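**Q** Dropping a prediction and its sequence here:
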Amino acid sequence: MDEIDKADVVLADFTLSPSNVYFELGYARGCKKRIIQTARKATHLEFDVRNWRTIFYRNATELEKGLESALNDAYAEIVRR
């Protein structure tokens with residue numbers, strides 16, 4: 001929780017459907033953190049997480065491309081503050 005409190009952006013990957021990621025993401029959302037969600041294609045997203053923008057990827061190249069764009073957007077938003 002301390003690391004989330006210090007973060008400007010939180011990256012959450014749901015590929016293996018880890019329970020702790022769902023918990024940590026909920027905490028980060030409650031703290032109004034900027035969230036970037038990722039998951040390997042065909043990953044079933046649980047709960048309301050499926051309603052939030054998620055970068056789905058098939059391989060590392062697709063993940064890198066999606067993250068580059070999302071991180072650039074997040075950085076631009078942080079700089080504007």
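**A** It's in.

**Q** mind checking how far the residue nearest to residue 45 when sequence neighbours are not counted is from residue 62?
**A** In space, and not counting its chain neighbours, residue 45 is closest to residue 14: 5.8 Å by CB to CB, 6 or more residues apart in numbering. C-beta here means a position set from N, CA and C on the backbone, and glycine is covered the same way. Distance from residue 14 to residue 62, counting by CB to CB, to the nearest Å: 15 Å.

**Q** and what of residue 29?
**A** According to CB to CB, residue 29 stands 25 Å off from residue 62.

**Q** go on, residue 50?
**A** Applying CB to CB, the value for residue 50 to residue 62 is 19 Å.

**Q** pull the longest strand from the chain.
**A** strand 34-40 (DSSP state E).

**Q** At which residues are the strands of the protein located?
**A** Under the criterion DSSP E, the chain carries strands at the ranges 9-13, 34-40, 54-57.

**Q** ok, residues contacting stretch 8-20?
**A** 4, 21-22, 24-25, 28, 33-40, 43-46, 49, 54, 67, 71, 74, 78 (CB atoms under 8 Å, 6 or more residues apart in numbering).

**Q** Can you measure across it, start residue to end residue?
**A** Terminal residues of stretch 8-20 lie 20 Å apart, using CA to CA, to the nearest Å.

**Q** Verify the contact between residue 46 and residue 21 for me.
**A** No. Contact criterion CB atoms under 8 Å: residue 46 and residue 21 do not qualify, at 10.3 Å.
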